[in-house]
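Novice: no sequence on this one, just coordinates:
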């Protein structure tokens, strides 16, 4: 028989039963017979493809198919309904009512809806499903005028079907779904990019519109190791082709009842639901984020537990209270929108030579500073709902926007002064110098020495030019095989390669600076005379204004073993003077920007650039010994 024809036949049969019963009641004859016809129609009629209560778990009679069943009671309807003396709720409810007071679902993302105590059909479902009333507890049975408990069903419901009285981890009920279509009972469809039932109300921005959406299109399978990320019955076996993020859709991350945390997530913590797959047991090596978080230095998505609302407070005050700064942490959702993430890494390797946000950061909110003048604290920010530049994402946590005038402590105790710095202050394009994270830098990489013009832009490598921009992840990433980006690394603070007090001296050609700056130019091994001439820190070899050019970087780093931090800011984001030059004598600049190493030859304790020198007024190619070295030992390097 054709299923459609069978369905029509079943419907016609039920309509006939209904018409007969209605006619009998209308004529007030054989009313009892009419009732029997209706009950028989409801219980017996089963069109093809439709289930009957008699074959479902709600059949608690002795003949029921489920785990919970009566010892001898064979009536099916009596567990829920009664013809007389019913509870004052429809439809003639017989099951004993629960007196529980529930803790309803709540979320800061709910706009106008405010779920309260369950009512109506939800309330009568909870008479069994809140675990406070015995399954067999009914108001009355034949031969009894008082509440009884049917033999064999004195237990409470258990397992995932027991929702309890705390409904914060269950889909909200008993409230108006404002501006949403009718909540239809829609079936699950394989390859439907998520449960159509969920999408009846939840229209997630980007989920259906982003081409090659990573989670929507993924056919990754669980390998059977560790925690099972899939909870859907029948789809939880290792290497099951029918159990993938694409086939599971919304239920890859969410479950409607007894969820582990808010937003109905399957694992506790916002990052927990990500790491159950991104741990090498589902995702590939390049997506094993859990391994990156286990590095020595990482964004604290695992080391600090808890959830937070990644939004500035409505009154405009800082996002995190001062008392909470010790628990400052990150969650995957702070940088990634799981409904919008697309394939791509941040940064693309080798250099991106631009500062655009990567596809994996699509749909994430950030902030755009309103930049003040030179080295001015940024206090005004505009929230950006979908970041265009990576710095907009990073600055929502690493700036005044997040912590106001109370910078959080360095969690690793590596920063002189003990606190993180304000990166909106440092990357301000109105500063005298900065790495080109917001705009291209101010150094033209040209100079004139003894009347001869030089272009030293070839000292930039890996595609970088004087007009390039870059992302934070160009420096803050991991160089070893595995996931790229700012998750974690064994080099502080999540750096591609070391940058420390020794960077620049002999043997440090593999340090971070030389990923973009050609090491031989600055004194590293293997350089030619042309390389040694290619630097802005140059002057006539005779220091008198005449003669061939001398590379003073080479002289200080290679011959005198003075590291980069001997003259330049130890925090290389940006600074208030040109070339990130900091003062080290007379009136030294404060930590952590001033982290100088003493001049190692001869034991002299005087070091750094004297504050009496206006370094902004010294043109590239015109440095002389007398500018820094007075020879008197006062306000000098030597």
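Specialist: Received, thanks. Just so we're clear, the structure is a prediction, and the values are computed from it rather than from any experiment.

Novice: Poorly predicted segments of the stretch 201-350 of the chain, please.
Specialist: The stretch 201-350 of the chain contains residues with pLDDT under 70 at 233-234, 262, 304-327, 345-350.

Novice: That one: helices as residue ranges?
Specialist: Along the stretch 201-350 of the chain, counting by DSSP state H, counting those that start in this stretch, helices occupy 214-217, 245-248, 272-275, 289-293, 332-335.

Novice: ok, now the stretch 501-638 of the chain?
Specialist: Under DSSP H, counting those that start in this stretch, the stretch 501-638 of the chain gives helices at 529-533, 552-554, 625-628.

Novice: neighbours of the nearest residue to residue 390 once chain neighbours are set aside, just the number please.
Specialist: Sequence neighbours aside, residue 471 is the residue nearest to residue 390 in space, at 4.2 Å (criterion: C-beta to C-beta, 6 or more residues apart in numbering). (C-beta placed from N, C-alpha, C; glycine too.) Using other C-beta atoms under 10 Å, residue 471 has 28 other residues around it.

Novice: ditto for the one 5 residues further on
Specialist: Residue 476 sits with 21 neighbouring residues when counted by other C-beta under 10 Å.

Novice: Does it lie in a helix or a strand, and which?
Specialist: Using DSSP states H and E, residue 476 maps to neither a helix nor a strand.

Novice: dump the residue contacts of it.
Specialist: Applying C-beta atoms under 8 Å, 6 or more residues apart in numbering to residue 476 gives the contacts 486, 489, 493, 494, 495, 496.

Novice: hmm, back to that, specify the stretch among the helices of the stretch 201-350 of the chain that is closest to residue 204.
Specialist: The closest of the helices of the stretch 201-350 of the chain to residue 204 is helix 214-217. By C-beta to C-beta, the value is 10.0 Å.

Novice: how close does the closest residue to residue 289 other than its chain neighbours get to residue 105?
Specialist: Using C-beta to C-beta, 6+ apart and skipping residues adjacent in sequence, the residue nearest residue 289 is residue 278, 4.1 Å away. For residue 278, the distance to residue 105 (C-beta to C-beta, to the nearest Å) stands at 27 Å.

Novice: Counting neighbours, which bits of stretch 502-511 end up buried?
Specialist: By 16 or more other C-beta atoms under 10 Å, the buried positions in stretch 502-511 come out as 502, 503, 504, 505, 508, 509, 511.

Novice: Just these: which are in strands?
Specialist: When DSSP state E is applied, those are split such that none fall in strands.

Novice: Do me a favour and average the pLDDT over stretch 409-428.
Specialist: Across stretch 409-428, the average pLDDT comes to 84.

Novice: Next, the buried residues of it.
Specialist: By 16+ other C-beta under 10 Å, the buried positions in stretch 409-428 come out as 410, 411, 415, 420, 421, 422, 423, 424, 425, 426, 427, 428.

Novice: ok, residues contacting it?
Specialist: For stretch 409-428, contacts defined as C-beta under 8 Å, 6+ apart pick out 297, 300, 325-326, 328, 369, 371-372, 374-378, 381, 391, 394-395, 398-401, 407-408, 434-435, 437-438, 492-493, 570-571, 573-575, 590-592, 595.

Novice: Which members of these are classed as buried?
Specialist: 297, 300, 325, 328, 369, 371, 378, 381, 391, 394-395, 398-401, 407-408, 434-435, 437-438, 493, 570-571, 573-575, 592, 595.

Novice: So which of the residues you listed belong to strands?
Specialist: Applying DSSP E to the buried ones among the contacts of stretch 409-428, the entries found in strands are 297, 369, 381, 434, 574, 575.

Novice: which two of those lie the greatest distance from each other?
Specialist: Using C-beta to C-beta, these reach their maximum pairwise distance at 297 and 381, which is 26.9 Å.

Novice: now, which of the buried residues of stretch 502-511 sits nearest residue 134?
Specialist: Closest to residue 134 out of the buried residues of stretch 502-511 is residue 511 (70.3 Å), distances taken as C-beta to C-beta.

Novice: And the closest residue to that closest one other than its chain neighbours, how far from residue 331?
Specialist: Nearest residue to residue 511 in three dimensions, chain neighbours excluded: residue 503, at 4.5 Å (C-beta to C-beta, 6+ apart). Between residue 503 and residue 331 the distance, using C-beta to C-beta, works out to 32 Å.

Novice: end to end, how far does stretch 472-485 reach?
Specialist: The separation between the terminal residues of stretch 472-485, taken as C-alpha to C-alpha, to the nearest Å, is 9 Å.

Novice: Quickly note the distance from the most centrally placed residue in the chain to residue 86.
Specialist: For the chain, residue 333 is the residue whose C-alpha lies nearest the centre (C-alpha atoms, centre = their mean; 1.8 Å). Separation of residue 333 from residue 86 (C-beta to C-beta): 47 Å.

Novice: before we move on, back to that, mind putting the helices of the stretch 201-350 of the chain in a markdown table, distance to residue 150 included?
Specialist: Output for the helices of the stretch 201-350 of the chain, formatted as a markdown table (distance: least, C-beta to C-beta, whole Å):
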| stretch | distance to residue 150 |
| --- | --- |
| helix 214-217 | 46 |
| helix 245-248 | 38 |
| helix 272-275 | 40 |
| helix 289-293 | 49 |
| helix 332-335 | 47 |
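
Novice: Those helices: which one's closest to residue 73?
Specialist: Closest approach to residue 73 among those is made by helix 245-248 (38.7 Å; C-beta to C-beta).

Novice: So which elements touch that closest one?
Specialist: Applying 3 or more C-beta pairs under 8 Å, 6 or more residues apart in numbering; DSSP states H and E, we find helix 245-248 packed against helix 214-217.

Novice: Run through who's touching stretch 82-96.
Specialist: With contact meaning C-beta under 8 Å, 6+ apart, stretch 82-96 is reached by 35, 78-81, 97, 120, 123-124, 127-128, 133-134, 137-141, 145, 147.

Novice: By neighbour count, sort out the buried ones in these.
Specialist: For these, a burial check counting by 16+ other C-beta under 10 Å picks out 78-81, 97, 123-124, 127-128, 133-134, 137-141.

Novice: Between all of those residues, which two are separated the most?
Specialist: By the measure C-beta to C-beta, 123 and 141 form the most distant pair in the buried ones among the contacts of stretch 82-96, at 21.9 Å.

Novice: Excluding chain neighbours, what is closest to residue 92?
Specialist: Spatially, and ignoring its direct neighbours in sequence, residue 92 is nearest to residue 86 (4.2 Å; C-beta to C-beta, 6+ apart).

Novice: Just give me the neighbour total for the one you found.
Specialist: The burial count for residue 86: 16, using other C-beta under 10 Å.

Novice: what helix or strand does it sit in?
Specialist: Assigned by DSSP H and E, residue 86 falls outside every helix and strand.
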